[in-house]
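**Student:** Need coordinates for the following:
(2 chains)
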Number of protein chains: 2
Amino acid sequence: MTSAAGRVFEMRPIGVVRSPYQDRAQVPKGPCAEHRAEGVLELWPELEPGLADIEGFSHLFVLWVFDRTEGYDLVARVPLDEETPHGVFASRSPRRPNPIGLSVVELLGRDGPRLRVRGVDMLDGTPILDLKPYLSSIPESSLRRGWLAEAEARG
Amino acid sequence: MTSAAGRVFEMRPIGVVRSPYQDRAQVPKGPCAEHRAEGVLELWPELEPGLADIEGFSHLFVLWVFDRTEGYDLVARVPLDEETPHGVFASRSPRRPNPIGLSVVELLGRDGPRLRVRGVDMLDGTPILDLKPYLSSIPESSLRRGWLAEAEARG
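**Tutor:** Presented below is the predicted three-dimensional model:
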C-alpha cells in the first residue's frame, strides 16, 4: 500500500450540463445507445477565458459527476447484459468508487461560456469537472470490446 | 449561477500508476508524442473484484490526478505551440481547475489487482481515480483537431 491510499482530492464543478433529460429513465441505455441529444455545457462566466480556441475542435471529452448516485458496487449488472455481473471498472455503471462520468460530445457552437453540443447522455444540472479536446482515436481494427461485443451479438 | 457552484466532491485514489517516469521532463511531450512506455496500474487489493472481465477490452480509459501540480491557469502555453496561448479546456495542460488527467492505454495483461498496460504518460506513483473500458471511437474523417492540427503542420 502506498501513501496515495489515504489521500483525498477535492473537485469543484466548473459548470453544469443543460440537457433534455430530467431523469435517468429518459436517457437511452446501454453503450450502443445512440446519443444524439443536444444540450449545453454551461461554464461559470469567470472561466470563459479557459475556452479560448475550443471552437477548432469537433469533439470534446466531458468529465462530470454522477451526482444523483450514492455509494458503489465493485460488481455491477448493466442493462445490456443483465444476466452476468461485470466488474465496475469493466463497465460504465454510475455506481463507481469515484462517481466520475466521461462522455464524448460533438461541439456545435459556442456562445461565451456556453457550448452547444450534440451527444449528451447526462442529466440536466449535472456538475462538470473538466473539458478536454478529443484528439485521436484507436483504429477500429485494433479495438476489442470484451463482454460488450458478446452481449451485443446475443442481443 | 446554480446550486452546483458551491459544491465540492471528494475523490479518493483507487490505486497508483507504476511508470518508468519519475519526472515530468522524462515524459514525451506534446499530443502527438508516441506513448509506448509500459507500466502497471496497481489497484488496492480490496478493489480487485471491480476488475472482473476487464481482460476482454483492448484499451482502457484511465482517469488520474496531476498530483504534482499546484494551481491552474485559464490560459496555457503548451510545448507544441509555445507562441500562442490556448484556453486550458482546449489543451491538455496539467494546470487545470480540477487537475484530472485522462489517458488511453492498451491492456497487455492482468495479474490480480495489477494491470500491465502500454502507453503510460503518467509519472510513477500517480493516483488513479477510475478505469473505464474504451468502447468506441469517432471516425478520423469526422474529427477536427483545432489549433493542434495547425501547430503540427507548422512544426
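
**Student:** drop to CA atoms for contacts and neighbour counts, all remaining ones
**Tutor:** Fine.

**Student:** Parallel or antiparallel, which strands does the helix or strand hosting residue A:115 pair with?
**Tutor:** Using DSSP states H and E, residue A:115 sits in strand A:114-118. Taking DSSP bridges as the criterion, strand A:114-118 forms sheet pairs with strand A:38-43 (antiparallel), strand A:100-111 (antiparallel).

**Student:** just those: most buried one?
**Tutor:** The highest mean neighbour count among the strands paired with strand A:114-118, using mean count of other CA atoms under 10 Å in any protein chain shown, belongs to strand A:38-43: a mean of 23.

**Student:** got the contact list for that strand?
**Tutor:** A:14-20, A:113-120, A:128 (CA atoms under 8 Å, 6 or more residues apart in numbering or on different chains).

**Student:** Low-confidence regions, chain A specifically.
**Tutor:** For chain A, the stretches with pLDDT under 70 are A:1-3, A:30-33, A:80, A:136-143, A:145-146, A:148, A:151-152, A:155.

**Student:** how about 80 then?
**Tutor:** Applying pLDDT under 80 to chain A flags residues A:1-4, A:29-35, A:77-84, A:135-155.

**Student:** how about the strands in it?
**Tutor:** A:9-11, A:15-18, A:38-43, A:59-65, A:75-78, A:81-87, A:100-111, A:114-118, A:127-133 (DSSP state E).

**Student:** Please work out which residues outside the last one touch it.
**Tutor:** Taking contacts as CA under 8 Å, 6+ apart, the residues outside strand A:127-133 that touch it are A:11-17, A:41, A:54, A:57, A:59-65, A:67, B:4, B:89-92, B:97-98, B:100, B:145.

**Student:** which residue packs closest to residue A:114, ignoring adjacent ones?
**Tutor:** Spatial nearest neighbour of residue A:114, excluding adjacent residues (CA to CA, 6 or more residues apart in numbering or on different chains): residue A:42 at 4.5 Å.

**Student:** where's that neighbour relative to residue B:102, distance?
**Tutor:** Per CA to CA, to the nearest Å, residue A:42 is found 21 Å from residue B:102.
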